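Enquirer: please work out how this folds:
(chains A and B)
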Amino acid sequence: MQFLKVFWITVVMLVGAAQANAQAPVPSTNGDVATPKMIAGKPYRISPGKEPGTFVVTWGDQSMTWTPKPWMEDRYRTMGPAYYAQWTQPGMPAPWDVSMDQRSNLSGDDLVNRCYAENEYAPYARNYWDSLVVKIYRPDGSLRGETEMLEAYSDMTLKKGYEYISSADQQKVLRKYIWDYASPDEVKGEGGVTTTFVDPHLAPQDTLYLPSVRKVRRLAGAVSSQYFPGLINRYEDVSHTNALPELNYKIVGFELFNPDSTRPQSRPDYLPEIKRVDGAGDVAAIVEITPKPGVSWWYSKRLYKCGLQEMNYFYDEAFDDNGKLLRRTEKSMMTGSRLHIGSPDGPPAPDWYQSWGVMSVQDFDTGFTSDAYVTVGGFDADLPRAVFSDNTLYREPKTLEEWLR
Amino acid sequence: MILLASGSTTFACEDSDGFQACLSYYTENYFRLPQVNRTLFDTATGTFFTKHADGVMRQRNELRLDLHYAPDPEKFTLGVPIEFNLRVRPYYDTAYDLTGWGQGQYRTYLADDWQTNMNGRMNDQYDPLLREYYVDVLPKNFFIRVGRQIISWGKSDGVYMLDILNPFNLSNPTNFDEQYNKIPIWALNANWTLTSTGTFQFVYEPKYLPYYYPGLPIKGGLPSEGGYHDFTYNVVALFNNDENGEFGAKSPVDYHQPSIRASNGIYAARWSDEVANFHYTLNYVYGWTAFMIQFPNTGNFSTATSVNEQPRRVHIAGGSFDYEFQDVPAPLDGTVLRGETALTVGDRYYEGLVGNPVNADHWGLLLGVDKYLLSDEIARPIFASFQYWHDEVVNQIHCPTCGGDQHEFESVGFYGSTSGMRGAYYSLLTMYFDKTWGAGDYLDTSLFALWEFQFKDWWIQPQVAYVINDKTKIAAGFNIFAGGPQTPYGQFTNETNFYFNFTRVLF
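Expert: Numbering: from 1, shown residues only, chains lettered A, B, ... in the order given. As a prediction, this is how the structure comes out:
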């Protein structure tokens, strides 16, 4: 009996150690990691600014003054752009598994895959999930509609999400995403699943569940450029966030990212309760995205900015054939301290975990704008293996807790 | 605490401690466009009379109360999550109060069955006040729903070969909102996810409910509605008039639904899975005929003195699939092909001009194609869907007593002549286009069209819907029917209508 007791204790400890290791493969030593001295071939430096709490960031011949805002996450507001250094450590998982000196050499599509798709789908975790709100505003600034949505993601890059796909699909399926609208009444219960494939030539596939008929329908064709149901975002902004087969991606430059302080999204009172990290003071790779020859897309050119330290996309502008600005998107991220492990009231995730936090869209064609933001999010919920299936949609989950069952 | 804060942002509903209550008001109003007279059989006088049809067809006013309770995890029994749902749908159709107009002219015959579900006379069968009530039990990798519910199967729109677990209420066959046209059934609905994509489903329905349609109700042993309801099928009116004495003697009807016994239950199973880009289901049902079948007491309507109305057992086996063409040349690229097929064994069709019910084994096939049109040219492309469907009787039928045109079957538009009969093979085509407009997709336009190859009749429904705000939506459209007077859709030519509906969320 004594032997059995020791044996089981050993097994439990080993399993526990393995799980702990699976959740945190790198130390969460933010604050202790030195800021890179060189980024994209130019010297990078952060020093205290004249005003308390501010920092002056210089990169090559560019400089900016980083100013704390009420909506910034606590550690970020305290540390300033030095906070980003935690994502430059060696040994980080994807999307940070490239050394700092090599990140500026990544191709445009690789950067988009890392800065948006992997960043959003969190391959270092078994799953990411959240509840979010999308507000759409008329051109006069009045609220037109407000939608509450539930999401879950899983990424197979590091095999963490293999439990959610069949063994036959392990070499074929790269990502799974499922969503469901919790309100308003007009769309409540509507949902869908996106499947992204390993083969980069294959467009993602989508299904749509309609409560009016209680059926899941296969969506016709690649819908990446189409509007997500009921939003002014497109599938390209929500779940088709990988480099798409219809588009070319090219790096056209780098800049010290300095958000325009005159824009609403930079104001201190802009969504102050949604604590986030905006990428200010990092060096951004600028990726030019254009449709491949013969492809018609909703823009002719899109300039997409990706922070090289945190590997997160935080700004883009889309233009038409004449160079007219069609749309501007600003995006901030949430980091582990604002997110949870296991359940909505679970412990905070390691600081280096990321999720999208706030996404603001200005559509200059229509004058409409939208703000989308995470209200609660986290990783590694104990989701059923068939979570990305029709049955989840058929249940029409109404809250995040139900979503995660 | 964070979860509760999150739950409170469910804007339209009231949330508290896992409870959610939502209430909305819905009305749908239908107005006949052709100004015509209708000739109907009067059961009191035993004669036909002609009266102006008038315009008001339907003015349904409905409250939609949804109650949902998801207990906290610590309240779970044995750690298994459970959720409770109740959908209450009290309604009142004011058309029957306008006694000088439209359907209100026949209030005496119709109001009992169609005006409201709050009068206690509906036997809770086809438009229940407590519409759905079920418990979801969610052990890991299981989804078990027990209670009165809707279970949808198949990959087709508006054609029902596998999607037959719920009968339909056909009082308004023009409304596509299946969650309100389907009659919820009491069922144990157990789903076991054996793999990440493969699910086995078992369904047990203890009580058989038939399709419910205008003209079906029997009172005092005879059909009580004749053909008064605007959407009474010709064949129903014909049978009703006959039974009510059109040809002299009345034929009493003994209406008999199967009792609740294990041996009378409906048993169904489905396997659904994906193989790469191919999604499929395999389905089987041991059930009953969708409609109650009228059997003449002598075996022959020519000599019958009474009628037994009851269903028969059927076996239905089939499957469905969808497949998206990818990485292939345009215009095939991005096209979804979907299909559904079912073999129904033991069904009953009414054969020949006499219309005696005969055993009919029939094979249904649906092929659908979905594609977004003009996706390169416009920001919000047009969703287009085309469906071909056929039904073919596959067994040999010998019915020497069925009268002229044997081996043809009375269709729903049949009213005594061969133009209302279908052959062993019967097919139709549907088209559906949908386009949203402007930021947020608040304006939606759609066009539905149906064409029947053999009957050459059609139905068109254009509709415009607009979301005024998060709590208010309106929609308006037309149902336009055309074709021969004994064809399935042509029979409703004089029911061509304008309609509008309105939804307002109260909380």
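
Enquirer: if you drop the residues flanking it in sequence, what lies closest to the residue of the stretch 51-200 of chain A found nearest chain B?
Expert: Distances between the stretch 51-200 of chain A and chain B by CB to the nearest CB are smallest at A:Pro184, namely 3.8 Å. C-beta: built from backbone N, CA, C; applies to glycine. Distance criterion CB to CB, 6 or more residues apart in numbering or on different chains; nearest residue to A:Pro184, sequence neighbours excluded, is B:Asp470 at 3.8 Å.

Enquirer: what residue is smack in the middle of chain A?
Expert: Centroid-nearest residue in chain A: A:Glu120, 3.0 Å away (criterion: CA atoms, centre = their mean).

Enquirer: isn't there a helix covering that residue?
Expert: Yes. According to DSSP: H, G, I helix; E, B strand; the rest coil, A:Glu120 belongs to a helix.

Enquirer: about what we covered before: hmm, the residue of the stretch 51-200 of chain A closest to chain B is touching A:Leu143, no?
Expert: No. The criterion here is CB atoms under 8 Å, and A:Pro184 misses it with A:Leu143 at 11.8 Å.

Enquirer: when these two are compared, which one has more neighbours?
Expert: Of the pair A:Pro184 and A:Leu143, A:Pro184 is the one with more neighbours under other CB atoms under 10 Å in any protein chain shown, namely 22 against 11.

Enquirer: look up how far B:Asp441 lies from that one.
Expert: 13 Å (CB to CB, to the nearest Å).

Enquirer: quick check: chain neighbours aside, which residue is closest to residue 234?
Expert: Using chain A. A:Tyr227 (5.5 Å).

Enquirer: my question was about chain B
Expert: B:Tyr415 (4.1 Å).

Enquirer: before we move on, the earlier item: I'd like to know how far the residue nearest to A:Pro184 sits from A:Met359.
Expert: Distance from B:Asp470 to A:Met359, by CB to CB: 20 Å.

Enquirer: show me what counts as buried in the strand or helix carrying A:Gln102.
Expert: Secondary structure from DSSP states H and E places A:Gln102 in helix A:100-103. Within helix A:100-103, the residues that count as buried by 16 or more other CB atoms under 10 Å in any protein chain shown are A:Met100, A:Arg103.

Enquirer: what does that helix contact?
Expert: The contact list for helix A:100-103, computed with CB atoms under 8 Å, 6 or more residues apart in numbering or on different chains, reads A:Pro36, A:Met38, A:Ile39, A:Ala40, A:Thr88, A:Ala285, A:Leu308, A:Gln309, A:Met311.

Enquirer: now with 6 Å, please.
Expert: Contacts to helix A:100-103, defined as CB atoms under 6 Å, 6 or more residues apart in numbering or on different chains, come from residues A:Pro36, A:Thr88, A:Leu308.

Enquirer: most neighbours among those residues, please name it.
Expert: In the contacts of helix A:100-103, the most neighbours by other CB under 10 Å go to A:Leu308, 26 neighbours.

Enquirer: share the number of residues neighbouring B:Pro381, please.
Expert: For B:Pro381, using other CB under 10 Å, the count is 21.

Enquirer: distance of it relative to chain A?
Expert: 7 Å (CB to the nearest CB, to the nearest Å).

Enquirer: show me what residue of chain A gets nearest to chain B.
Expert: Closest point on chain A to chain B, by CB to the nearest CB, is A:Gly221, at 2.6 Å.

Enquirer: and the contacts of helix A:100-103 as TSV, adding distance to chain B, pLDDT and secondary structure?
Expert: Converted to TSV, these look like this (distance: CB to the nearest CB, whole Å; pLDDT from 0 to 100; DSSP: H, G, I helix; E, B strand; the rest coil):
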residue	distance to chain B	pLDDT	secondary structure
A:Pro36	35	96	coil
A:Thr88	31	96	helix
A:Leu308	33	98	coil
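
Enquirer: low-confidence ranges, chain B, go.
Expert: In the predicted model of chain B, residues B:1-12, B:73-78, B:122-123 satisfy pLDDT under 70.

Enquirer: neighbours of residue 267, how many?
Expert: Went with chain A since none was named. Applying other CB under 10 Å, I find that A:Arg267 has 14 neighbouring residues.

Enquirer: that's the wrong chain, I wanted chain B
Expert: 13.

Enquirer: and for B:Pro329?
Expert: Neighbours of B:Pro329 (other CB under 10 Å): 7.

Enquirer: please apply the same query to the one 3 residues further on.
Expert: Other residues near B:Leu332 number 12, with proximity taken as other CB under 10 Å.

Enquirer: which residues sit in contact with residue 285?
Expert: All of this refers to chain A. Counting by CB under 6 Å, 6+ apart, A:Ala285 has contacts A:Leu111, A:Ile251, A:Phe254, A:Cys306, A:Leu308.

Enquirer: to clarify, I was referring to chain B.
Expert: Taking CB under 6 Å, 6+ apart, one finds B:Ala268, B:Ile316 in contact with B:Val285.

Enquirer: that one: which element?
Expert: Per DSSP H and E: strand B:278-288 holds B:Val285.
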